[in-house]
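*Asks:* Need coordinates for the following:
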Amino acid sequence: MNENDASTARGFDRDTAPDLSKDGWPEKFAKAPVRRGRPPKARPKVSTTIRLSQGVIDHFRAGGRGWQTRIDHALRDWIKQNDVA
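*Replies:* Numbers count the residues shown, from 1 in each chain. As a prediction, this is how the structure comes out:
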């Protein structure tokens, strides 16, 4: 399989593709918005440093991926149950 065969296998044929350097394509690409990565969240989380006991860290890490999110949820639950305002 050569390079052209690989592109055809994906449904793209270099021989019949339009020449993107002609017919206004550069202008269209220049006007197109550039979107990279995930869309921004309305309320992003804030990076911080917090000191926790080793037992707390071990407990949450033992649950695997998402351990920081589980700590966040545990703290949110505590706030709901202990709202002093």
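*Asks:* So for the residue minimising distance to the centre of the chain, what's the pLDDT?
*Replies:* Nearest to the geometric centre of the chain sits Arg38, at 4.6 Å (C-alpha atoms, centre = their mean). Here, the pLDDT recorded for Arg38 equals 86.
*Asks:* Distance-wise, check it relative to Pro44.
*Replies:* 10 Å (C-beta to C-beta, to the nearest Å). For the C-beta atoms, the positions are set from N, CA and C on the backbone; glycine is no exception.
*Asks:* then the longest helix that the chain contains to PDB, C-alphas only?
*Replies:* What stands out as the longest helix in the chain, according to DSSP state H, is helix 67-81. The C-alpha coordinates for helix 67-81 follow below in PDB (Å, rounded to 0.1, in the frame of the first residue of the first chain):
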ATOM      1  CA  TRP A  67      -9.600  11.200  43.100                       C
ATOM      2  CA  GLN A  68      -9.300  15.000  43.100                       C
ATOM      3  CA  THR A  69     -12.800  15.400  41.800                       C
ATOM      4  CA  ARG A  70     -14.000  13.100  44.600                       C
ATOM      5  CA  ILE A  71     -12.300  15.300  47.200                       C
ATOM      6  CA  ASP A  72     -14.000  18.300  45.600                       C
ATOM      7  CA  HIS A  73     -17.400  16.600  45.900                       C
ATOM      8  CA  ALA A  74     -16.700  15.600  49.500                       C
ATOM      9  CA  LEU A  75     -15.800  19.200  50.400                       C
ATOM     10  CA  ARG A  76     -19.000  20.500  48.700                       C
ATOM     11  CA  ASP A  77     -21.100  18.000  50.600                       C
ATOM     12  CA  TRP A  78     -19.500  19.100  53.800                       C
ATOM     13  CA  ILE A  79     -20.300  22.800  53.000                       C
ATOM     14  CA  LYS A  80     -23.900  21.900  52.300                       C
ATOM     15  CA  GLN A  81     -24.300  20.100  55.600                       C
END
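*Asks:* Now do that helix: which elements does it pack against?
*Replies:* Helix 67-81 is packed against helix 54-61, with contacts defined by 3 or more C-beta pairs under 8 Å, 6 or more residues apart in numbering; DSSP states H and E.
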